[in-house]
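Peer 1: Okay, here's the prediction I keep looking at, along with the sequence it came from:
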Protein chains: 2
Amino acid sequence: MSTYNLQDTISLLARTPAALDALLRELPETWVRGNEGENTWSPFEVVGHLIHGERTDWMPRAKIILQFGVSRTFESFDRWGHLRETQGKSVADLLDEFAQLRTENLSELRALNLKPEDLKLRGQHPALGVVTLSQLLATWAAHDLTHLHQISRVMAHQYRESVGPWRRYLGVLQCAGHSSSS
Amino acid sequence: MSTYNLQDTISLLARTPAALDALLRELPETWVRGNEGENTWSPFEVVGHLIHGERTDWMPRAKIILQFGVSRTFESFDRWGHLRETQGKSVADLLDEFAQLRTENLSELRALNLKPEDLKLRGQHPALGVVTLSQLLATWAAHDLTHLHQISRVMAHQYRESVGPWRRYLGVLQCAGHSSSS
């Protein structure tokens, strides 16, 4: 963990909403609402999932670590919580909401003014056991990337047939995904 | 191919430079210059590769199809052509250059005013054999996505250790890549 740099993490976290906005806003439905089949997520649903994480996962867990350490186990994250977040909304609504929540959460994170020794503080994950604040914050950033990876794969899936013989050259079309939701 | 929609393709192609810009401009070197090990690409090099494609691959091949059909085989694409594109440049330079070339190429594509019958025109790929203009244009878009997929994976790789036990939950960290360059 010696190379862990909180500023690098914040730099990435601050950019994800704008990157998704540039990619998805006003993009045709083919791309935004297409998924990879039954029980898989479209980019629209992925943005809902990111919103749900902003509300219930990252900063709430960081605050539990800072206040309670390992004595209070994190709430389990609801991987289907995006269903409530997305109901009746457009992708533009979701992009706005994600950007706003992320900005608020990063303001709160910066205000904590975390020191290297704080990053070593420990919390209790309901399935993974003991984790550190540093690991939680690194995972917040890597989680953005796992879903950017997923969105690009789900979108490419829509052109699986259209690309014809080029299919074999496109790495993204060889990627079968690595879990039910990423 | 009946569902192929040229407007969907152009919509995506038009957004990729801004999405990469939002993600990568002024991002710390950890993210922009980190790769996955020897003979793998960093996000910086991927943007160079996309620039090289704008110059030598997509529109030049479309024009060969329109002018010569299958009678003139496409030039082979130089997958290491980005080495010339990136020399002495910053990531900001590359992002500017990619955006400008993409804008020019899409203007040229729109000016062709392609009709459904044009999309069926055929060309000769040096390795894949006969391909259609429709397949070429769909591949242009899917190629953007394969490299967005790659960039997100290469960036996540930089945090492989930092995320600690969360590693098993992050799909992108299970992705081994699917070719030497995507």
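Peer 2: Structure received. Residues are numbered from 1 along each chain as shown, chains lettered A, B, ... in the order given.

Peer 1: ok, residue A:149 - how many residues close by?
Peer 2: Residues near residue A:149, counting by other Cβ atoms under 10 Å in any protein chain shown, number 28. In this view, the C-beta of every residue, glycine as well, is placed from N, C-alpha and C.

Peer 1: State the helix or strand in which it lies.
Peer 2: Assigned by DSSP states H and E, residue A:149 belongs to helix A:133-157.

Peer 1: what does residue A:160 give?
Peer 2: Remark: residue A:160 resides in no helix or strand, with elements defined by DSSP H and E.

Peer 1: got any ranges where chain A has weak pLDDT?
Peer 2: A:1-3, A:178-182 (pLDDT under 70).

Peer 1: Who are the contact partners of the spatially most central residue of it?
Peer 2: When Cα atoms, centre = their mean is applied to chain A, the residue found nearest the centroid is residue A:144 (3.7 Å). Taking Cβ atoms under 8 Å, 6 or more residues apart in numbering or on different chains, we find residue A:144 in contact with A:12-13, A:16, A:50.

Peer 1: if we go to 7 Å?
Peer 2: The contact partners of residue A:144, by Cβ atoms under 7 Å, 6 or more residues apart in numbering or on different chains, come to A:12-13, A:16.

Peer 1: before we move on, back to that, now do the helix holding residue A:149 against helix B:133-157, angle only.
Peer 2: Orientation check (axes from the mean of the first three to the mean of the last three Cα atoms, to 10 degrees): helix A:133-157 against helix B:133-157 gives 170 degrees.

Peer 1: buried sites along helix A:133-157?
Peer 2: For helix A:133-157, a neighbour-count test (16 or more other Cβ atoms under 10 Å in any protein chain shown) marks A:133-157 as buried.

Peer 1: same check, this time on stretch A:8-21
Peer 2: Neighbour-count burial for stretch A:8-21 flags A:8-13, A:15-21 (criterion: 16+ other Cβ under 10 Å).

Peer 1: right, is that stretch up against chain B?
Peer 2: Yes - residues of stretch A:8-21 contacting chain B under Cβ under 7 Å from any Cβ of the partner chain: A:8, A:11-12, A:15, A:18-19.

Peer 1: Please identify the helix or strand for residue A:83.
Peer 2: In the assignment (DSSP H and E), residue A:83 maps to helix A:82-86.

Peer 1: same check, this time on residue A:67
Peer 2: Going by DSSP H and E, residue A:67 is in helix A:58-68.

Peer 1: how far off helix B:6-24 does the helix or strand residue A:8 falls within point, in degrees?
Peer 2: If you go by DSSP H and E, residue A:8 is part of helix A:6-24. Angle of helix A:6-24 versus helix B:6-24, following the same axes, to 10 degrees, is 170 degrees.

Peer 1: Can you name the element that comes right after helix A:6-24?
Peer 2: Per DSSP H and E, helix A:6-24 leads on to helix A:29-33 as the next helix or strand towards the C-terminus.

Peer 1: which residues touch that following helix?
Peer 2: Helix A:29-33 is contacted by residues A:24, A:42-44, A:91, A:155, A:158, B:5, B:8, B:12 when judged by Cβ under 7 Å, 6+ apart.

Peer 1: buried subset of those residues?
Peer 2: Among those, the ones that count as buried by 16+ other Cβ under 10 Å are A:24, A:42-44, A:91, A:155, A:158, B:8, B:12.

Peer 1: what's the closest of those to residue B:75?
Peer 2: Within those, the smallest distance to residue B:75 is 24.8 Å, found for residue B:12 (Cβ to Cβ).

Peer 1: Can you give me the buried ones in stretch A:71-87?
Peer 2: Within stretch A:71-87, judged by 16+ other Cβ under 10 Å, the buried ones are A:74, A:77, A:81-82, A:85-86.
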